[in-house]
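J.: model this:
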Amino acid sequence: MSDRDLAALFAACMASPDDDAPRLVWADAVGGERGELVVIQCDLARGGLSPAETATRRQRLRELLATHGAAWSELAGLARRCMFQRGFVDAVEAEGPRFLEAADALRSRAPLARSLTICGLDQHVDASEDAVGGEERTGPDTLATVDQLLTHSALGRYAGIEIADARISMVWGDTEHHRGWSELGDQVLERIAMTGSLRGLRGFGIGRGGAHTSRGLHELVGSGVLATVERLALHARETSPDAVIAMLRGAPALRALSTGWIPIAAIAPYLPPTLVELRVGDVDDAALAALAASPAAASLERLAMSTEDLVETSRFGAFPRLRSLAVSTAVITDRLAKLCRALGAFARTPMPALRELRMYESRISIDALRSIVSAFGEQLEHLDCRGHHLPPGVISEVQRGLAGELRLGPWQEDEALLEAGVNTRAPWLDAGIVTLAP
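T.: The predicted structure is shown next:
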């Protein structure tokens, strides 16, 4: 097939970005491993596969992206990371100054990308005795760069925008006690409200190094951005429940929410019944009970949480549609036995929809792991036990009890990229993210 014919097929993908059919026609024409990627990701996004079929495709997807993802993206030197969805780059993470220089080039190489994360906005200030002239600054002027970004016409090409790393880090001495930072999330949200430039988005994120407070949330509510947002990622500090509740009321289309360290117990009664995805931090028994009693409990399909002191794991049974669960724990020794008992009780909780389970840094006992595999093994597509040190015999036993895949290896933090849409049928705990060379 000629390049001209392939270009026409790709134009059909561009014309109908939500339709798998033109992508699969393009994949058939291209063939090889590049076409295979499209077929695999469309299969996974559509859902309906058996756990074994899903596991086989996920394993092959990781192989393809590890081998070819960077080259297929064509984004080396333009972006830090990207995420493939349904065969093409769907989300991009780029440094702010680089985006201002090469926004058109980035768009031409990833024309189907729906969301953009802006990072690399942090400025470093050295005010130590060794600094030339009393103070040395490196990196971009954070807020000046944000001002340029918010007035850049290229932002209008994306349905999802996240602004990260909005902070100034400072050094004024030789020890760790002479280091700190000033996070500028509030100032960024003020500028968004003033310009009105981000209205109409489906996805919006603020934080990851540029935390905000109640002041910033009030600016966000008044900005008009939330009116259409389906996916919202926050990174709040010192935020009042009233400010968060006002934010929730201002986001009528909300389906996916990342709260950062906002206490979930106080806002759980106000979570909308449309919510299908939630990332929360610092969940204890009271917080999980509040979440289980919330309007979102019946609709929630994806839940990621951290915990240090969770015992009443039977409350997970209050989420009848929960497909994906990620639990991160960091417990001290005197709590370890209690945690293992809680994980064992988790295995006795009916969770018929559960398909993905990640337990990282949870130091699960072998008996608790066996109980979980016995209870859920036939329905799980993906069990992520990275970070656990399991004896070879236990690994073989667990693999025999699983219909899907067992993910092992060193633990690593998976920083998700903001997406514009929400498809709960697609894998969540193993996204197609590729790290790119600078």
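J.: going by C-alpha atoms from here, please, whenever you check contacts or count neighbours.
T.: OK.
J.: show me what contacts P352?
T.: Each residue near P352 by CA atoms under 8 Å, 6 or more residues apart in numbering is listed here: 320-321, 379.
J.: now these in JSON lines, with secondary structure?
T.: Formatted as JSON lines, the contacts of P352 follow (DSSP: H, G, I helix; E, B strand; the rest coil):
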{"residue": "P320", "secondary structure": "coil"}
{"residue": "R321", "secondary structure": "coil"}
{"residue": "Q379", "secondary structure": "coil"}
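J.: which of those residues tops the neighbour count?
T.: Ranked by the number of neighbours (other CA atoms under 10 Å), those place Q379 first, at 20 neighbours.
J.: hang on, the earlier thing: TSV for the contacts of P352, including pLDDT?
T.: Compiled in TSV, the contacts of P352 are given as follows (pLDDT from 0 to 100):
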residue	pLDDT
P320	97
R321	97
Q379	97
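J.: export those residues to JSON lines and tack on distance to C42?
T.: Below are the contacts of P352 laid out as JSON lines (distance: CA to CA, whole Å):
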{"residue": "P320", "distance to C42": "26"}
{"residue": "R321", "distance to C42": "22"}
{"residue": "Q379", "distance to C42": "21"}
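J.: and which of those residues is nearest to E312?
T.: Checking these against E312 with CA to CA, the nearest one is P320 at 16.7 Å.
J.: what's the top helix by length along the chain packed up against?
T.: Secondary structure of the chain read by DSSP state H shows that its longest helix is helix 51-73. In terms of contacts (3 or more CA pairs under 8 Å, 6 or more residues apart in numbering; DSSP states H and E), helix 51-73 is packed against helix 32-46, strand 405-407, strand 433-435.
J.: so which of those gets nearest A243?
T.: Evaluated with CA to CA, the helices and strands packed on helix 51-73 place strand 433-435 nearest to A243, the distance being 32.9 Å.
J.: which stretches of the stretch 1-150 of the chain form helices?
T.: Secondary structure of the stretch 1-150 of the chain by DSSP state H, counting those that start in this stretch: the helices cover 3-15, 20-30, 32-46, 51-73, 96-109, 142-150.
J.: which one of the ones you listed lies nearest to D384?
T.: Within the helices of the stretch 1-150 of the chain, the stretch nearest D384 is helix 51-73; the backing value is 11.9 Å (CA to CA).
J.: between helix 96-109 and that closest one, find me the angle.
T.: Using axes from the mean of the first three to the mean of the last three CA atoms, to 10 degrees, the inter-axis angle of helix 51-73 relative to helix 96-109 is 110 degrees.
J.: what pLDDT, on average, does helix 51-73 get?
T.: Over the span of helix 51-73, the pLDDT mean works out to 96.
J.: and the helices and strands packed on helix 51-73 as CSV, adding distance to V146?
T.: Listed next are the helices and strands packed on helix 51-73 as CSV, based on distance: least, CA to CA, whole Å:
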stretch, distance to V146
helix 32-46, 34
strand 405-407, 39
strand 433-435, 24
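J.: can those go into TSV with extra columns for distance to A15 and mean pLDDT?
T.: TSV is the format used below for the helices and strands packed on helix 51-73 (distance: least, CA to CA, whole Å; pLDDT from 0 to 100):
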stretch	distance to A15	mean pLDDT
helix 32-46	17	97
strand 405-407	36	94
strand 433-435	25	94
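J.: to F99, which of those lies closest?
T.: Ranking these by proximity to F99 (CA to CA) places strand 433-435 first, at 16.7 Å.
J.: how far away is the residue lying closest to L44 once chain neighbours are set aside from R34?
T.: Once its chain neighbours are removed from consideration, L44 has its nearest residue in A426; the separation is 5.4 Å (CA to CA, 6 or more residues apart in numbering). Applying CA to CA, to the nearest Å, the value for A426 to R34 is 19 Å.
J.: likewise P269?
T.: Using CA to CA, one gets 46 Å for the distance from P269 to R34.
J.: what does R167 give?
T.: When R167 is compared with R34 (using CA to CA), they lie 39 Å apart.
J.: of these two, who's got more company?
T.: For the pair R167 and R34, the greater number of neighbours falls to R167 (24 against 18), based on other CA under 10 Å.
J.: out of the helices and strands packed on helix 51-73, flag the one nearest R86.
T.: With respect to R86, and counting by CA to CA, the nearest of those is helix 32-46 at 4.5 Å.
J.: the closest one versus helix 51-73: what angle between them?
T.: Between the direction of helix 32-46 and that of helix 51-73, the angle (the same axes, to 10 degrees) works out to 130 degrees.
J.: just checking, what packs against helix 32-46?
T.: Using 3+ CA pairs under 8 Å, 6+ apart as the contact test, the elements touching helix 32-46 are helix 20-30, helix 51-73.
J.: now mean neighbour count and distance to A368 too, for these, in a markdown table please.
T.: Supplementary listing: the helices and strands packed on helix 32-46 in a markdown table, determined by neighbours: other CA atoms under 10 Å; distance: least, CA to CA, whole Å:
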| stretch | mean neighbour count | distance to A368 |
| --- | --- | --- |
| helix 20-30 | 19 | 41 |
| helix 51-73 | 18 | 22 |
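J.: among those, which comes closest to A102?
T.: When the helices and strands packed on helix 32-46 are ranked by proximity to A102, the top entry is helix 51-73, at 15.4 Å, counting by CA to CA.
J.: now find how far off-centre the closest one is within its chain.
T.: Centroid separation for helix 51-73 versus its chain: 18 Å, with CA atoms, centre = their mean, to the nearest Å.
J.: one more: stretch 301-308?
T.: In this view, stretch 301-308 has its centroid 12 Å away from the chain centroid, taken as CA atoms, centre = their mean.
J.: I'm done for today, thanks for sticking with me.
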